[in-house]
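Undergrad: fold the stuff below for me.
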Amino acid sequence: MLIKMIKQYPEMRTNKYLLLTAIVMSALCFSTVEISAQKEIPDNIKDHITKGIEAFGNAKMPADIMNALIEFDAAEKLAPDFADVHYYLGKTFSMIQGNAGTACKELKKYLKLYPDAPEKDEVIKEIKRLDKVVEEKRLSSISGVGIMTLKDGIYIISKAPVKTGSENLDTRLTAVSVQPGDKLISVLNTGITKNTPIDEVLSLVCSYPKPAVPVKVIRGGVETRALLSKVSFTNIDNITYLGEEDLISILTESAVPVVLIFWKVDDPVCNKYVGDLKAEAQKLNGLVRFYIVNIDESMLLTYELNIKEVPTLLFFKGENLKGKITQYQPELFKEKAESINTDDKPFGL
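TA: Modelled structure (predicted):
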């Protein structure tokens, strides 16, 4: 997990309550395929694997998925070369919003360690699907809504506020946002069932030209019309919106320092940074990479990195966290962004 890999971050804590809360708010399930071991399990991790598979197979709420992840992660620490543990991690990460890239990485590790895996074709198909999710999430995504597939269908886990006053929708549509506990049954008049892949839901949302997408849900046993909020991204040179990409891969593979900007799209203080970000991105093009992280879309990452307020800026060189800035401090941001290649002194930690 990311929490064990980022270096030199003294404030970071493994807080299971916060992590479970994050998952309850933002679980996203891409597949309900039950996972099963293919190789003989080493004795030292049998207990973790057994508990993880039970939590995954019997999941009735997002916290069960988090419990599975904890068990599989513990197994991976003890037996990193056991192929199946990466299969389990990949399947579990694929159920958590913001982690499709991490899921892909784990499934690729599985095939590298077990090239003749009996479900090789299924895993390759899953990797391609998750890659598609990563690509589409760069352009548009569901805003502030966690979705999870349980045995009887797709449910809304967290609420996304929607501005409805300017939407040109059917006047018969009750203009309300989706609510936690809603069962999603239709997006743009396309039926949604328990067998509908989440990436298909995302594609439908992305296809709609307006920010509030008409949906139908079951709420309290009654079919109800509602709105699902969407965020569309405008590409800016040298500034990338972090969607479902794997952050560890970004940090380790980047030849230049990386700055993460944690913010909320509709927060006025965060939006003050827009001009500063554009100016610094242009000035430092090729020297520093900037990534915007929407905390409504990357709740697990937000909790793992102990982000307690927005805007928060984190400065990385490789996996090493070199600095942190909270709130709007444009002059300090410019100073540290422009000196991160030469200044090895940590700040703001």
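Undergrad: what is the neighbour count of residue 283?
TA: A count of nearby residues for residue 283, using other Cβ atoms under 10 Å, gives 13. In this view, the C-beta of every residue, glycine as well, is placed from N, C-alpha and C.
Undergrad: which strand or helix spans the residue lying closest to it once chain neighbours are set aside?
TA: Nearest residue to residue 283, sequence neighbours excluded (Cβ to Cβ, 6 or more residues apart in numbering): residue 338, at 7.3 Å. For residue 338, the host element (DSSP states H and E) is helix 330-339.
Undergrad: before we move on, what about residue 216?
TA: strand 212-219.
Undergrad: what packs against that strand?
TA: Secondary-structure packing of strand 212-219 (3 or more Cβ pairs under 8 Å, 6 or more residues apart in numbering; DSSP states H and E): strand 183-187, strand 222-232.
Undergrad: now those strands in TSV, with distance to residue 301, mean neighbour count and mean pLDDT?
TA: Listed next are the helices and strands packed on strand 212-219 as TSV, based on distance: least, Cβ to Cβ, whole Å; neighbours: other Cβ atoms under 10 Å; pLDDT from 0 to 100:
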stretch	distance to residue 301	mean neighbour count	mean pLDDT
strand 183-187	24	19	94
strand 222-232	16	18	83
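Undergrad: with distance to residue 108 as new columns, can those be given to me in JSON lines?
TA: JSON lines is the format used below for the helices and strands packed on strand 212-219 (distance: least, Cβ to Cβ, whole Å):
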{"stretch": "strand 183-187", "distance to residue 108": "30"}
{"stretch": "strand 222-232", "distance to residue 108": "28"}
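Undergrad: measure stretch 292-311 end to end?
TA: Taking Cα to Cα, to the nearest Å, the first and last residues of stretch 292-311 lie 10 Å apart.
Undergrad: what number of residues lie near residue 335?
TA: With other Cβ under 10 Å as criterion, residue 335 counts 14.
Undergrad: can you check residue 196 too?
TA: Residue 196: 18 neighbours (other Cβ under 10 Å).
Undergrad: model confidence score at the residue nearest to it when sequence neighbours are not counted, please.
TA: The shortest distance from residue 196 to any non-neighbouring residue, by Cβ to Cβ, 6+ apart, is to residue 154 (6.7 Å). You'll see residue 154 listed with a pLDDT of 85.
Undergrad: over to residue 167?
TA: 40.
Undergrad: one more: residue 339?
TA: 92.
Undergrad: what do you get for residue 345?
TA: On the pLDDT scale, residue 345 is placed at 79.
Undergrad: and for residue 56?
TA: 81.
Undergrad: let me know how buried the residue nearest to residue 196 is, in neighbour terms.
TA: Residues contacting residue 154 under the criterion other Cβ under 10 Å number 24.
Undergrad: also residue 315?
TA: When neighbours are counted by other Cβ under 10 Å, residue 315 registers 25.
Undergrad: who does it bridge with?
TA: Taking DSSP bridges as the rule, residue 315 bridges to residue 259, residue 323.
Undergrad: OK, contacts around it?
TA: 257-259, 321-325, 336-337, 340 (Cβ atoms under 8 Å, 6 or more residues apart in numbering).
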